[in-house]
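Participant: no sequence for this one, just the structure:
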C-alpha cells in the first residue's frame, strides 16, 4: 500500500503544481465550450484580483509539499478549502467538467484515508488547547 500512496501523492502533487502555475502563466488549454453562466462565473473570479492568485499559491505550495513527501498532513489540511472550491464550482456552474475535479477529490480522499491516524492525532491535540 505504501507504493500506491506514493504514486497517488505524486500524481496529486503534479496536478496541483501544474494547475497552480497555470493560475499565473495560463498555459493549460481550457478548450471546452464555456457557457454564458460559466464565463460569467470565471470573469467574476478574474475580476477579484486575489482569489485565483491565492488559490494558485496554495495549489503550488501544497503540490510541492506532496511531491517532496514531507509535511504531507499540513498540505492535506491546507487543501481542504481548495478541494471544496473545485467541487463547488463545478457543481454550481460547470457540471459537464466535473470529472477531473472528482478525480482530484478522489486522490485527496485516498490520501486522507491513508493518513487518518495522523489526522485523528492532530484533532486530538487541538482539543486539549
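Facilitator: Arrived safely. Note that the coordinates shown come from a computational prediction; the quantities given were computed from them, not determined experimentally. Numbers count the residues shown, from 1 in each chain.

Participant: Quick check, pLDDT for residue 42.
Facilitator: The model reports residue 42 with a pLDDT of 74.

Participant: Could you do the one 10 residues further on as well?
Facilitator: At residue 52 the predicted local confidence, pLDDT, stands at 86.

Participant: pretty sure it is touching residue 22, no?
Facilitator: No: the pair residue 52 / residue 22 is not scored as a contact, 9.8 Å apart, by Cβ atoms under 8 Å. For glycine as for every other residue, the C-beta is placed from the backbone atoms N, C-alpha and C.

Participant: Packing partners of the helix or strand of the chain with the lowest mean pLDDT?
Facilitator: In the chain, no helix or strand scores lower on mean pLDDT, DSSP states H and E than helix 36-47, which sits at a mean of 77. Applying 3 or more Cβ pairs under 8 Å, 6 or more residues apart in numbering; DSSP states H and E, one finds that helix 36-47 contacts helix 51-68.

Participant: mind listing what the closest residue to residue 53 other than its chain neighbours touches?
Facilitator: Nearest residue to residue 53, sequence neighbours excluded (Cβ to Cβ, 6 or more residues apart in numbering): residue 23, at 6.3 Å. By Cβ atoms under 8 Å, 6 or more residues apart in numbering, the residues touching residue 23 are 52-53, 55-56, 59.

Participant: And for residue 69, the neighbour number?
Facilitator: Counted with other Cβ atoms under 10 Å, residues neighbouring residue 69 total 13.

Participant: Could you pull up the residues touching it?
Facilitator: Here residue 69 is in contact with 6, 9 (Cβ under 8 Å, 6+ apart).

Participant: Relative to residue 115, how far out is it?
Facilitator: Distance from residue 69 to residue 115, counting by Cβ to Cβ, to the nearest Å: 12 Å.

Participant: Ok, residue 77 next?
Facilitator: Taking Cβ to Cβ, one finds residue 77 at 10 Å from residue 115.
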